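>>> 3D model of this:
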Amino acid sequence: MNGYILRFLLTLSMCCALLVAFAVSKSTHLVIASAGPSVKLSAKTGPPTSFLTVTATGFGNDEKITISFDSASVGIGVTSTSGTFTMKIQVPGIVTPGTHVVRAMGQTSGLSSQAAFLVQTNWSAFGFDTHHTRFNSFENVLNSTNVSSLVSGWSYATGSSILSSPAVANGMAYFGSDDHKLYALSASAGSVLWSYTTGGDIRSSPAVANGVVYVGSLDFKVYAFNATLGALRWTYTTGNSIESPPSVVNGVVYIGSDDHNVYALNASTGAVLWSYPTGSDIGFSSPVVVNGTVYVGSEDDTIYALSASTGKLVWSYRAHDEIYSSPAVSYGMVYASSKDGNLYALNANTGKLKWSYSTLGPVTSSPAIANKIVYVGSQDSAVYALNAATGSLIWKYTTGSIIGLSSAAVANGVLYIGSDDFKLYALNAATGAFLWFYMTGSEIMSSPVVADGVVYVGSEDDTLYTFHVAS
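Sure, this is the predicted structure:
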């Protein structure tokens, strides 16, 4: 009897082992990590059409994974033998500003995990991008069909005029005022998050890069602040007033001063890397840095191209009057306007003149470029749209007064620009047709910016204004 029981137990044990082995062999494609699934993103925020790397772990090995952005599938891949998966995806161009969900789901296991992604478009410096096109190609809220319904949002009154153009980055709006202060406001509410008082008017437009905001002041100094808290990181003192908006590229701050110099400063420390002397004040011209070359205008009537690494002269082009505006670079050309009334298009490598277009007044507004069209305002009270390749006129729109320092912003088929007739205009970028205006209390010298469906602009009536589509 004992032998019979022993044989039975041995047989039962072997059957159980075979069943376990069979179950394991049938499920090797779905071994689930004990820690559970998780998703990590290479960035937490970015604009529509930006690229993200999605890393998923804790899924079945050799399992198909569907990656979705909100409800839309944006990619399918297969995990490794350890249940991990990495894929680059593109944020859909139609998603609007706000928090969205990136989800990974196992097609066999049914397991899923998700991570939040904030869709946000920053206008972090005067020129919008490193080429100074002043073209926000990511804007997908405002357009030529709904901009006529723009309404006033919050506004903020400072203690003096606002010539500085705002920068909008990571939920905050930065701008300077002739009351000597740099302001950092909540982009959603307009409440002051911090401010800093310098020793002079701030007409320079701030630039935000890597958690730091940079700006010049008429007290001769360049300032660097913690962008979130406003803590001063460093200052650099030049020999005269600074109205030039800084550009920050590859860890270097490029800025002009009315001591006639263009400066390259270490963005982390403020240490001077090089300086280049021009023949006069740099004024409001903001250096633009493209392909290792710095382009900047000077009130000595000259456009300069300098080596970004050494500051050595590459070429120069002399106009017939002062260069107040900032250059823009696109299609292999440098576009720059002059008080002689002309917009110039120069070969970016050689400085050779490709074409020029003459307006009927001095041009101190900086050009904007979008979709092979270059736009510029003139003190003859008109906005011009020109073929970027040939300089031929596409359209012209006349405002009620001169267009001084205000430069156009272009976004999603709409051009925005301020005038000394106190108005902010919105025009159809393709045709020049009038779409909308808003009357402020004084001249608009500040240049508008468009970020996340909101238009920002300062006025000589001491106020920063915002506008959005009525909900």
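>>> how about the strands of the stretch 101-250 of the chain, start to end?
Counting by DSSP state E, counting those that start in this stretch, the stretch 101-250 of the chain has strands at residues 112-119, 135-136, 150-157, 167-169, 172-176, 181-186, 192-197, 207-209, 212-216, 221-226, 232-237, 247-249.
>>> roughly how far out does the first one sit from the chain middle?
Same thing as strand 112-119. 23 Å (C-alpha atoms, centre = their mean, to the nearest Å).
>>> and of the strands of the stretch 101-250 of the chain, who's closest to Met445?
Closest approach to Met445 among the strands of the stretch 101-250 of the chain (C-beta to C-beta): strand 172-176, 12.2 Å. Any C-beta I mention is one placed from the backbone N, CA and C, and that applies to glycine too.
>>> Partner strands of the closest one, with direction?
With DSSP bridges as the test, strand 172-176 is paired with strand 167-169 (antiparallel), strand 181-186 (antiparallel).
>>> hmm, who's touching it?
162-168, 182-187, 190, 193, 201-206, 208, 213, 215, 217, 227-228, 446, 456, 458, 464, 466 (C-beta atoms under 8 Å, 6 or more residues apart in numbering).
>>> Which among these count as buried?
162-168, 182-185, 187, 193, 201-206, 208, 213, 215, 217, 227, 446, 456, 458, 464, 466 (16 or more other C-beta atoms under 10 Å).
>>> returning to that earlier point: among the strands paired with strand 172-176, which is nearest Thr45?
strand 167-169 (10.4 Å).
>>> same question for that closest one, mean pLDDT?
Strand 167-169 shows a mean pLDDT of 98.
>>> Please compute how far it lies from its chain's middle.
That offset, for strand 167-169, works out to 8 Å (C-alpha atoms, centre = their mean).
>>> Could you list the residues in contact with it?
Residues contacting strand 167-169 (C-beta under 8 Å, 6+ apart): 122-126, 173-175, 187, 205-208, 213, 227, 449, 451-452, 454, 456.
>>> Now with 7 Å, please.
For strand 167-169, the external contacting residues (C-beta atoms under 7 Å, 6 or more residues apart in numbering) are 122-125, 174, 187, 205-208, 449, 451, 456.
>>> and which of those is nearest Ser471?
Ala187 (16.7 Å).
>>> residues contacting the closest one?
Ala187 touches 168, 171-173, counting by C-beta under 7 Å, 6+ apart.
>>> Which of these sits closest to Ala409?
For the contacts of Ala187, the nearest to Ala409 is Val168 (11.3 Å; C-beta to C-beta).
>>> Excluding covalently adjacent residues, which one is nearest to the closest one?
The spatially closest residue to Val168, leaving aside those adjacent along the chain, is Ala451, at 4.1 Å (C-beta to C-beta, 6 or more residues apart in numbering).
>>> right, and that neighbour touches Asn122 too?
Yes. Ala451 is within contact range of Asn122, at 6.4 Å (criterion: C-beta atoms under 7 Å).
>>> of these two, who's got more company?
Ala451 (27 against 22; other C-beta atoms under 10 Å).
>>> Beta-bridge partners for that one, please?
The partner residues for Ala451, given DSSP bridges, come to Val454.
>>> which residues touch it?
So Ala451 contacts 121-123, 168 (C-beta under 7 Å, 6+ apart).
>>> before we move on, what about Lys44?
117-118.
>>> Val383 contacts Tyr397, doesn't it?
Yes. Look at Val383 against Tyr397 with C-beta under 7 Å: they come within range, at 4.7 Å.
>>> who touches both of those two?
With C-beta under 7 Å, 6+ apart as the test, Val383 and Tyr397 both reach Leu427.
>>> Could you check which of those two is surrounded by more residues?
Val383 (23 against 19).
>>> Tell me the confidence at that one?
98.
>>> picking that back up, of the strands of the stretch 101-250 of the chain, which is nearest Thr86?
Per C-beta to C-beta, nearest to Thr86 of the strands of the stretch 101-250 of the chain: strand 112-119, 13.8 Å.
>>> what comes up buried for that closest one?
112-113, 115, 117, 119.
>>> before we move on, what about stretch 75-82?
Those would be 75, 79, for stretch 75-82 by 16+ other C-beta under 10 Å.
>>> End to end on it, go ahead and measure it.
20 Å (C-alpha to C-alpha, to the nearest Å).
>>> Centre of the chain to it, how far?
Going by C-alpha atoms, centre = their mean, where stretch 75-82 is centred and where its chain is centred differ by 34 Å.
>>> what does that stretch contact?
Stretch 75-82 is contacted from outside by 59-67, 85, 87, 89, using C-beta under 7 Å, 6+ apart.
>>> ok, and the most crowded of those residues?
Phe59 (33 neighbours).
>>> Pretty sure that residue sits against Thr108.
No. With contact defined as C-beta under 7 Å, Phe59 does not reach Thr108; the gap is 8.9 Å.
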